[in-house]
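Q: here's my sequence, what's the structure:
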Amino acid sequence: MSIILASKSVARQNMLQAVGMEFESIPADLDEDALTENAIAQHQSPREIALMLAQEKALAISKQNSDALVIGSDQILECDGQMLYKAEDDEAAKEKLKFLSGKTHYLISAVTVVKASEILWMHADSAALTMKNLDDDYIEKYCARAGEALTRSVGAYEIESLGARLFEKVEGDFFTVQGLPLLPLIQYMEDEAGLEL
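A: Numbers count the residues shown, from 1 in each chain. I've put the predicted structure just below:
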């Protein structure tokens, strides 16, 4: 059975490749901003929004690939009651890092498996990350070296590389921090979907 990851996320692709899963990556073309705004208007929680976005991505790809198992995933960052989004440019990333500095924020990662436009399984997990107090000079130096991570990830960092230097404490699953609750997904794929190594 073919497997499709409805995402262009390098981190998610790397996680699935590392555990030997064979899949194709086809990112879903969705207006995520509009979907999120509508969900916020309906007073949905960050967890509910992450699950909804993961489902919508998988459903969108499943429509054209009804024979495949489609994995949809999304991640929400919440801090001080606010949901934060990917920075549009390096300057916006710097402002985000200043806002997160010295605070604990939460990453909520959701995953959904869909086949033939039917949701078969879904799961969400969260992790708490406490950032060090970062002065302007530290942020400038980090941003000069971080490259695409500034705009490619919701927190303007990638924990699996240079971003690890920003934190004093991380509580939760490492895969969840990277954007995919990998272990529950593997369990589902092996137990229910019959996926073998």
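
Q: only C-alpha atoms for contact and neighbour calcs from this point on.
A: Noted.

Q: mean confidence score for the lengthiest helix in the chain?
A: The single longest helix within the chain, with elements called by DSSP state H, is helix 46-62. Throughout helix 46-62, pLDDT has a mean value of 97.

Q: for residue 144, see how far away the residue sitting furthest away from the middle of the chain is.
A: Of all residues in the chain, residue 137 has its C-alpha farthest from the mean position, at 28.3 Å, by C-alpha atoms, centre = their mean. Going from residue 137 to residue 144 by C-alpha to C-alpha, to the nearest Å gives 11 Å.

Q: and if you look at residue 60?
A: 37 Å.

Q: how about residue 152?
A: With C-alpha to C-alpha as the criterion, residue 152 and residue 144 are 15 Å apart.

Q: helices of the chain, start to end?
A: 10-18, 32-41, 46-62, 90-100, 136-146, 149-152, 174-178, 182-191.

Q: I'd like to know which of the ones you listed lies nearest to residue 77.
A: Shortest distance between residue 77 and the helices of the chain, using C-alpha to C-alpha, is found for helix 46-62: 8.0 Å.

Q: just give me how far the closest one sits from the chain centre.
A: What separates the centre of helix 46-62 from the centre of its chain is 11 Å, taken as C-alpha atoms, centre = their mean, to the nearest Å.

Q: now do the contacts for the closest residue to residue 25 other than its chain neighbours.
A: Once flanking residues are discounted, residue 25 sits nearest to residue 5: 4.7 Å by C-alpha to C-alpha, 6 or more residues apart in numbering. The neighbours of residue 5, taking C-alpha atoms under 8 Å, 6 or more residues apart in numbering as the test, are 13, 23-27, 58, 70-72.

Q: could you dump those residues to a markdown table with neighbour count and distance to residue 195?
A: Putting the contacts of residue 5 into a markdown table (neighbours: other C-alpha atoms under 10 Å; distance: C-alpha to C-alpha, whole Å) gives the following:
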| residue | neighbour count | distance to residue 195 |
| --- | --- | --- |
| 13 | 17 | 17 |
| 23 | 18 | 12 |
| 24 | 14 | 15 |
| 25 | 17 | 18 |
| 26 | 15 | 20 |
| 27 | 17 | 22 |
| 58 | 31 | 18 |
| 70 | 32 | 13 |
| 71 | 27 | 13 |
| 72 | 30 | 17 |
